[in-house]
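Undergrad: Provided below are the primary sequence and the corresponding predicted coordinates.
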Amino acid sequence: MPRPRVHDLDALLDVAERLVASSADVTVRGLAAAAGVPNGTIYHAFGSLNALLARVWLRAATEFLDLQTSLVDSAGSPADAVVAAADTPAVFALRRPDGARMLLKVRGDRLFGPDLPDELAEALHAVDKRLVALLVRLARLVWDRGDGLAVEVITTCVVDLPTAFFRRDITDPLVRERLAAAVRAVLTVPPREKDRS
């Protein structure tokens, strides 16, 4: 019979998320000390520090994409949908400040590396596919096309601009207003025509 679980794994993931948000250099010893658990708890529950960090990233990224999809779904127009998608980091930061800082600050593959169990690698790949599907959906909403050139413009609006605007205070209303104006301005210039050759 397996031993009963003594430590709350969600609380451990919360501590790891906070540590990653403040410093990408997380060690088993540092995490165990911050969470008040023995080092062995991390290995027993997750197998490795990389697997734990991948779970931290996956949890935050999944919640972020769920929120982003919900905000896009409730938007009143195609342009509003793109603005809502771009503003999602600020909305997410109001709910989960550490998760938002982590997602904006650290690329996932740099956090946990390439050597992960297949199940985790597949789950992370599924999150990437969800994001791409959302970008294609937004491009089709705005221009009725989902090709690479259209998706590139949406990526500028939803990924590049928020990353640039939210480097400081992600929840500052003035910064959010400027981001919305920048997104709307980018959308006024449609993507180049597809190469017909």
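TA: Cool, got the structure.

Undergrad: low pLDDT regions in the protein?
TA: Filtered on pLDDT under 70, the chain yields the residue ranges 1-7, 24, 109, 111, 195-197.

Undergrad: what residue is smack in the middle of it?
TA: Nearest to the mean C-alpha position of the chain, counting by CA atoms, centre = their mean, stands residue 61 at 3.9 Å.

Undergrad: show me where this protein has helices.
TA: In the chain, helices defined by DSSP state H lie at 9-22, 28-35, 39-46, 49-73, 78-95, 97-105, 108-112, 118-143, 148-155, 161-165, 173-187, listed in chain order.

Undergrad: Ok, which of those helices comes nearest residue 193?
TA: helix 148-155 (8.0 Å; CB to CB). Where C-beta positions appear, they are placed from N, C-alpha and C, glycine not excepted.

Undergrad: who touches that closest one?
TA: 82, 132, 135-136, 138-140, 142-143, 186-187, 189-194 (CB atoms under 8 Å, 6 or more residues apart in numbering).

Undergrad: at 7 Å what do you get?
TA: 82, 135-136, 138-139, 143, 186, 191-192, 194 (CB atoms under 7 Å, 6 or more residues apart in numbering).

Undergrad: now swap in stretch 188-196 and tell me
TA: Under the contact criterion CB under 7 Å, 6+ apart, stretch 188-196 has outside partners 143, 147, 149-150, 152-153.

Undergrad: circling back: neighbour count and distance to residue 15 for the contacts of helix 148-155 - can I get that in CSV?
TA: What follows is those, written out as CSV (neighbours: other CB atoms under 10 Å; distance: CB to CB, whole Å):
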residue, neighbour count, distance to residue 15
82, 26, 35
135, 22, 32
136, 17, 36
138, 28, 35
139, 25, 38
143, 17, 44
186, 16, 38
191, 18, 43
192, 11, 47
194, 11, 48
